[in-house]
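K.L.:
return a 3D structure for these sequence lines:
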Amino acid sequence: VATGLGCQHPDMLLLRQMRLRAACNQASTSAYRQRLQLNNTVHMSAVASKRSSQITEFAQRQLGEDVIDFSAGQPGHDLLPLDLIAAGAAHRFSSEAADPFILQYGPVQGYQSFRKCLASFLTDSTQHRVDPDQLIITAGVSHGIDLAVRRLARPGHQVLVEQPTYFLAGDILRQAGVKMVPVPSIAEGLDVDALQQMLQQPNGPRPKLLYTIPIHNNPAGTTLPLHKRQQLLQLAHKYRFNIVADEVYQLLSFSDSPPPPPPMRAVEQQMLQDGLLPLTDEGGGHAQGPNSVTKQQEPHSMHSSTGPAAAEAEGRSGSESEGQEVVGSKSNIISDYLNLQLPPEDPISAASRVVSLGSFSKIMAPGLRLGWAEAAPHLLQHLMQDGVLGSGGSIAPLASGIAHSCLELGLLQQHLHDVIKPRLQMGCQALTDALRSEMPQCNFEQPLGGYFVWLDLGPKVCSQELLKLAERQHKVRFVPGKACDGQPHMARLSFAFYQPDELQEGVKRLAAALADYRSGAR
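P.N.:
Next comes the predicted model:
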């Protein structure tokens, strides 16, 4: 005689499974909300009794209790919402939302209902309408940078990069084989006037792309103002290069800061609607793909005049051209197989030159390896034709499902506004107050959001030499300016990982190290 679950009617089994899923989902979500309320009180009103550390097989960076490491540009353990992830997973995989096909190879662009939910969240958060059909899911901003550079440029092409910049972006660009052209920065961010002068020179750069972090810049903390964004976009359209806007800190402005400028794509769309940017390039068309060569680029083909990269960038002739037709035909077959066709775009979208990158790493958890790129269809089409995405499908369907549920249930919004932003603001205030008190001879701009303080140690200080002394004698670390392609007397300090009292202690150690350095110790 059958016993247990085996003797029950299939409909009864299904009903039990549905009830179990609903109960699991309700319990997980309720538990997270209760924990969030408790942690708000604990995190915001008390200082952790134990030193922050990160010694674990799961972490890229190993951070011991003895050293205060200001180079750690990552969230502290109190910002890693394990219960939120559990609640999102329970809802996505153990409730009515569960669908076994989420375990299948996913659509290259990311599944549609998640993109719709993400677009709604971004629209509400930025007050800029985001179209879900103009989003592609990535494995975070690092993946987005790599994808944009490899798909929108070719080896030998020039890419403008602001200085200072995110110190790990350089390896991504170098491995893509592009030629990096530095552009200086000033107190308000990228020096657009200097860029304009560079582009106007007869032998100046003729770039394919510009990479910039326009809001709460890493490392400088600057935010490019609206009028400079408009000027930059005018240059991009005049000189026909695309902008890769790393806007990973877009949602991390502090509550007491002025509202940030709109994202770069929002500024561009408004300018196109107002007739402040051309809807077509010279000649009536668009040459925004990686293989196109514009009239302005022709006199400067010396930068990639030989080798396979040049042949690919500038086109082939004769039998090689016929071979390209075969490759193109095969590409069309693959596009049809993977359903990579996008809806027709309107004239405003067709003129766009901005790819905006965002990430869940700073607003949820880096371990999700989940982010997005927002771009017009003609640019998105290039990103979607990436070989890795074509072979493996959507880059992170399971992480997408968890984030989808956290957004759908309002858990991520609550965590962002009630935990992450207040905690970062509190850390920033503790760090900058300590710097003013302990190191008054050093200068910095007060951050309005993000993760970092860009500290001027004084013109006679070499931050690389100071780092050696600080780490060896005073158990404190930071990122020296040269690592970020900045001035040698600058240093990047992160306030994201440590608690306020630890940040204050770290500044005391750094001040002591600087005093020893100035007295001649090395």
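
K.L.:
does Thr123 really touch Asp131, like I thought?
P.N.:
No: judged on Cβ atoms under 8 Å, Thr123 makes no contact with Asp131 at a distance of 9.2 Å. Quick note: C-beta positions are derived from backbone N, CA and C, even for glycine.

K.L.:
state the pLDDT value of Leu424.
P.N.:
On pLDDT, Leu424 comes in at 98.

K.L.:
distance of it from Leu82?
P.N.:
Here Leu424 is placed at a distance of 19 Å from Leu82 (Cβ to Cβ, to the nearest Å).

K.L.:
now do Gly520
P.N.:
Taking Cβ to Cβ as the measure, Gly520 falls 48 Å from Leu82.

K.L.:
of these two, which one has the most company?
P.N.:
Neighbours around Gly520 and Leu82, counted as other Cβ atoms under 10 Å, are more numerous at Leu82. The numbers are 12 against 6.

K.L.:
ok, the more buried one to Leu224 distance?
P.N.:
Plainly put, Leu82 is 35 Å away from Leu224 if you go by Cβ to Cβ.

K.L.:
now do the helices in the stretch 51-200 of the chain.
P.N.:
82-94, 112-126, 141-152, 169-175, 192-200 (DSSP state H, counting those that start in this stretch).

K.L.:
who's in contact with Pro182?
P.N.:
For Pro182, the contact set (Cβ atoms under 8 Å, 6 or more residues apart in numbering) comprises 161-163, 485.

K.L.:
mind redoing it with 7 Å?
P.N.:
With contacts defined as Cβ atoms under 7 Å, 6 or more residues apart in numbering, the neighbours of Pro182 are 161, 163, 485.

K.L.:
same list (those residues) but as CSV, adding pLDDT, neighbour count and distance to Asp336.
P.N.:
Formatted as CSV, the entries for the contacts of Pro182 read as follows, by pLDDT from 0 to 100; neighbours: other Cβ atoms under 10 Å; distance: Cβ to Cβ, whole Å:
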residue, pLDDT, neighbour count, distance to Asp336
Val161, 98, 24, 37
Gln163, 97, 16, 43
Asp485, 96, 19, 43
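
K.L.:
in strands, which of the residues you listed fall?
P.N.:
Of these, the ones assigned to strands by DSSP state E are 161, 163.

K.L.:
would you convert the contacts of Pro182 into TSV that also reports distance to Gln499?
P.N.:
Formatted as TSV, those follow (distance: Cβ to Cβ, whole Å):
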residue	distance to Gln499
Val161	34
Gln163	32
Asp485	31
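
K.L.:
of the contacts of Pro182, closest to Glu345?
P.N.:
Nearest to Glu345, judged by Cβ to Cβ, of the contacts of Pro182 is Val161 at 28.6 Å.

K.L.:
these two touch, right, Arg115 and Leu135?
P.N.:
Yes: Arg115 lies in contact with Leu135 (Cβ atoms under 7 Å); the separation is 4.8 Å.

K.L.:
which element is Trp454 on?
P.N.:
Under the criterion of DSSP states H and E, Trp454 resides in strand 452-456.

K.L.:
following that strand, which helix or strand comes up?
P.N.:
helix 463-474.

K.L.:
tell me the pLDDT of Pro164.
P.N.:
With respect to pLDDT, Pro164 scores 98.

K.L.:
returning to that earlier point: just the helices of the stretch 51-200 of the chain: most buried one?
P.N.:
A comparison of the helices of the stretch 51-200 of the chain by mean neighbour count, using mean count of other Cβ atoms under 10 Å, puts helix 141-152 on top with a mean of 23.

K.L.:
and the helices of the stretch 51-200 of the chain: which comes nearest Ile55?
P.N.:
With Cβ to Cβ as the criterion, Ile55 lies closest to helix 82-94 of the helices of the stretch 51-200 of the chain, at 17.5 Å.

K.L.:
if we can go back for a sec, tilt between the strand holding Trp454 and helix 463-474?
P.N.:
Our comparison of strand 452-456 with helix 463-474, counting by axes from the mean of the first three to the mean of the last three Cα atoms, to 10 degrees, yields an angle of 100 degrees.

K.L.:
average model confidence for strand 452-456?
P.N.:
This predicted structure assigns strand 452-456 an average pLDDT of 98.

K.L.:
then it to PDB, C-alphas only?
P.N.:
C-alpha atoms of strand 452-456 as PDB (Å, rounded to 0.1, in the frame of the first residue of the first chain):
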ATOM      1  CA  PHE A 452      35.400  57.900  -1.800                       C
ATOM      2  CA  VAL A 453      37.400  60.900  -0.600                       C
ATOM      3  CA  TRP A 454      40.200  62.100  -2.900                       C
ATOM      4  CA  LEU A 455      42.800  63.500  -0.500                       C
ATOM      5  CA  ASP A 456      45.500  66.000  -1.400                       C
END
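
K.L.:
which outside residues touch that strand?
P.N.:
The contact list for strand 452-456 (Cβ under 7 Å, 6+ apart) reads 73, 218-221, 431-432, 435, 442-445, 447, 489-495.

K.L.:
mind listing the strands for this structure?
P.N.:
Counting by DSSP E, the strands of the chain are 68-69, 135-138, 158-163, 179-186, 189-190, 209-212, 242-246, 354-359, 371-374, 452-456, 476-477, 479-480, 490-494.

K.L.:
redo the ones you listed as CSV? Include distance to Cys462.
P.N.:
As requested, the strands of the chain are exported to CSV (distance: least, Cβ to Cβ, whole Å):
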stretch, distance to Cys462
strand 68-69, 20
strand 135-138, 37
strand 158-163, 18
strand 179-186, 20
strand 189-190, 25
strand 209-212, 27
strand 242-246, 28
strand 354-359, 33
strand 371-374, 36
strand 452-456, 13
strand 476-477, 16
strand 479-480, 8
strand 490-494, 11
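
K.L.:
Ala266 is nearest to which of those strands?
P.N.:
Of all the strands of the chain, strand 354-359 sits nearest to Ala266, with 8.9 Å by Cβ to Cβ.

K.L.:
returning to what we had before: for PyMOL, what selects the buried ones among the contacts of strand 452-456?
P.N.:
One line in PyMOL is enough to select the buried members of these, burial here meaning 16 or more other Cβ atoms under 10 Å:
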select buried, resi 73+218+219+220+221+431+432+435+442+444+447+489+490+491+492+493+494+495
